[in-house]
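Colleague: Need coordinates for the below:
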Amino acid sequence: MSLAEISLVAAPRHLKVTGHRPALGYEPCEDLGCAVPGDGVASSCGRLACPSCGCGGTNLTSLQLVGVPSGRRLLCTCGHSWLHGLPPAYVLTTAETAECTCPDDCECDHGND
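Modeller: Model prediction:
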């Protein structure tokens, strides 16, 4: 499992958001067990929602990015943003790709030394 994926067990419950700031209304999705995995589409009802907090509705803002043929950037009021319609990307850092220089086999996380 990559960092961008969230299993349905760990995925937040889907909440519908109505109204406008500062008077947002929250209610649970009418589909029991509906959760929001990493792609931002609720598992049971299929609505767009934030994969970080599970909220979907008037709390989401959509931006069309220039040069991105498919997908759009969605922003949530919780501060999370993601590209909807594109597969999640995982970026490797140089610390993750560098070889370990320890004399013996180790379990160190050299990226956080």
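
Colleague: what number of residues lie near the nearest residue to residue 13 once chain neighbours are set aside?
Modeller: Nearest residue to residue 13, sequence neighbours excluded (C-beta to C-beta, 6 or more residues apart in numbering): residue 54, at 5.2 Å. Quick note: C-beta positions are derived from backbone N, CA and C, even for glycine. For residue 54, the neighbour count with other C-beta atoms under 10 Å is 22.

Colleague: Surely residue 54 is in contact with residue 35?
Modeller: Yes: the pair residue 54 / residue 35 is scored as a contact, 7.1 Å apart, by C-beta atoms under 8 Å.

Colleague: For those two, list the residues in contact with both.
Modeller: Taking C-beta atoms under 8 Å, 6 or more residues apart in numbering as the criterion, residue 54 and residue 35 both touch 11-14.

Colleague: show me where this structure has helices.
Modeller: 94-97 (DSSP state H).

Colleague: lowest-confidence helix or strand of it?
Modeller: helix 94-97 (a mean of 66; mean pLDDT, DSSP states H and E).

Colleague: Flag the shaky bits of this structure, pLDDT-wise.
Modeller: 1-9, 64-71, 86-98, 107-113 (pLDDT under 70).

Colleague: where along it do the strands fall?
Modeller: Using DSSP state E, the strands of the chain run over residues 15-18, 25-28, 55-57, 60-63, 72-76, 81-84.

Colleague: Of all those strands, which one comes closest to residue 39?
Modeller: strand 81-84 (7.6 Å; C-beta to C-beta).

Colleague: Dig out what the nearest residue to residue 58 once chain neighbours are set aside forms beta bridges with.
Modeller: Distances taken as C-beta to C-beta, 6+ apart place residue 17 nearest to residue 58, at 5.4 Å, with adjacent residues excluded. Note on residue 17: beta-bridge partners by DSSP bridges are residue 26, residue 57.

Colleague: What of residue 81?
Modeller: Beta-bridge partners, per DSSP bridges, of residue 81: residue 75.

Colleague: Near it, how many other residues are there?
Modeller: 14.

Colleague: And the buried ones among the shared contacts of residue 54 and residue 35, selectable in ChimeraX?
Modeller: Selection of buried members from these for ChimeraX, criterion 16 or more other C-beta atoms under 10 Å:
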select :11,12,14
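
Colleague: Okay then, goodbye and thanks.
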